[in-house]
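Asker: here are the coordinates; sequence isn't available:
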């Protein structure tokens, strides 16, 4: 049992590093290509207690945990803004601002409390992920992305989620069956997870042209914004 929990903790640490703590703190997407080199750092990370597994999973999948300066979700109808002169074609794009900007999902309770049980953590995480995906799509639509493009993006993100779920379920099954994956196998799982996310991002970027990408807030172009609850469900098998 001890060995199994050790593997579970390292697995969670790998996922957290790749799709949470590291990606959440990066800026240019080109930096993500070098994340494989950082995976060796996992071997020196301390393991957390098994009782916190549910909360840690929820934290990993809440999206960009290092971005503490973003506002919470706003669901009110947009209000009319004062009329301004349209930006000229010659105006630098960096001064125009980006559309669908600044959305952030909070999985804490309504009173700001943290989830107290694994089940509560999973429920909150799933709700947050659903809201995050909905807002990301809304930001794309606001930026003028066509219905055809949105459909292509949906298909690409669905494939990404299927790949992530299959990858995670297979690895969790290995842990549960007592396969005791070693450190290198853990690193390979983390690298495979990163590959799936990068492929999803490439697919998303490929649907949009350069001008559209420049006008859309980066959070709506982040594949993390489109992860569904299937991955969390698979990881929660480690609690049992």
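Answerer: Sure thing, it's come through. Predicted model only: the values in this text are computed from it and were never measured. Residues are numbered from 1 along each chain as shown.
Asker: Quickly find the element holding the residue nearest to residue 227 when sequence neighbours are not counted.
Answerer: For residue 227, ignoring the flanking residues on the chain, the nearest one in space by CB to CB, 6 or more residues apart in numbering is residue 129 at 6.0 Å. Backbone N, C-alpha and C define where each C-beta goes, glycine included. Element membership of residue 129 [criterion: DSSP states H and E] is helix 118-142.
Asker: circling back to that earlier point, check the residue nearest to residue 227 and give its pLDDT.
Answerer: Residue 129 carries a pLDDT value of 82.
Asker: I'd guessed it sits against residue 229; true?
Answerer: Yes - using CB atoms under 8 Å as the test, residue 129 is close enough to residue 229 to be in contact (5.7 Å).
Asker: any weak-confidence spans in the chain?
Answerer: Flagging of the chain using pLDDT under 70 yields the residue ranges 1-116, 118, 179-180, 238-240.
Asker: In the helix ranked longest in the chain, which residues are buried?
Answerer: As assigned by DSSP state H, the longest helix anywhere in the chain is helix 147-176. Burial within helix 147-176, assessed by neighbour count using 16 or more other CB atoms under 10 Å, is assigned to 149, 152-153, 156-157, 160-161, 163-165, 167-169, 171-172, 174-175.
Asker: ok, the residue nearest to residue 227 to residue 187 distance?
Answerer: Going from residue 129 to residue 187 by CB to CB, to the nearest Å gives 26 Å.
Asker: of those two, who's got more company?
Answerer: Just comparing residue 129 and residue 187: by other CB atoms under 10 Å the higher neighbour count belongs to residue 129, 25 against 18.
Asker: Could you check how far that one is from residue 199?
Answerer: Distance check for residue 129 against residue 199: by CB to CB, it reads 19 Å.
Asker: What of residue 176?
Answerer: Applying CB to CB to residue 176 and residue 199 gives a distance of 27 Å.
Asker: now residue 236
Answerer: Counting by CB to CB, the gap from residue 236 to residue 199 is 25 Å.
Asker: Of these two, give the one with the bigger neighbour count.
Answerer: residue 236 (20 against 15).
Asker: part of a helix, is the more buried one?
Answerer: Yes - read with DSSP: H, G, I helix; E, B strand; the rest coil, residue 236 is one of the residues of a helix.
Asker: Isn't it up against residue 125?
Answerer: No - taking contacts as CB under 8 Å, residue 236 lies outside contact range of residue 125: 9.4 Å.
Asker: Kind regards, and thank you for your time.
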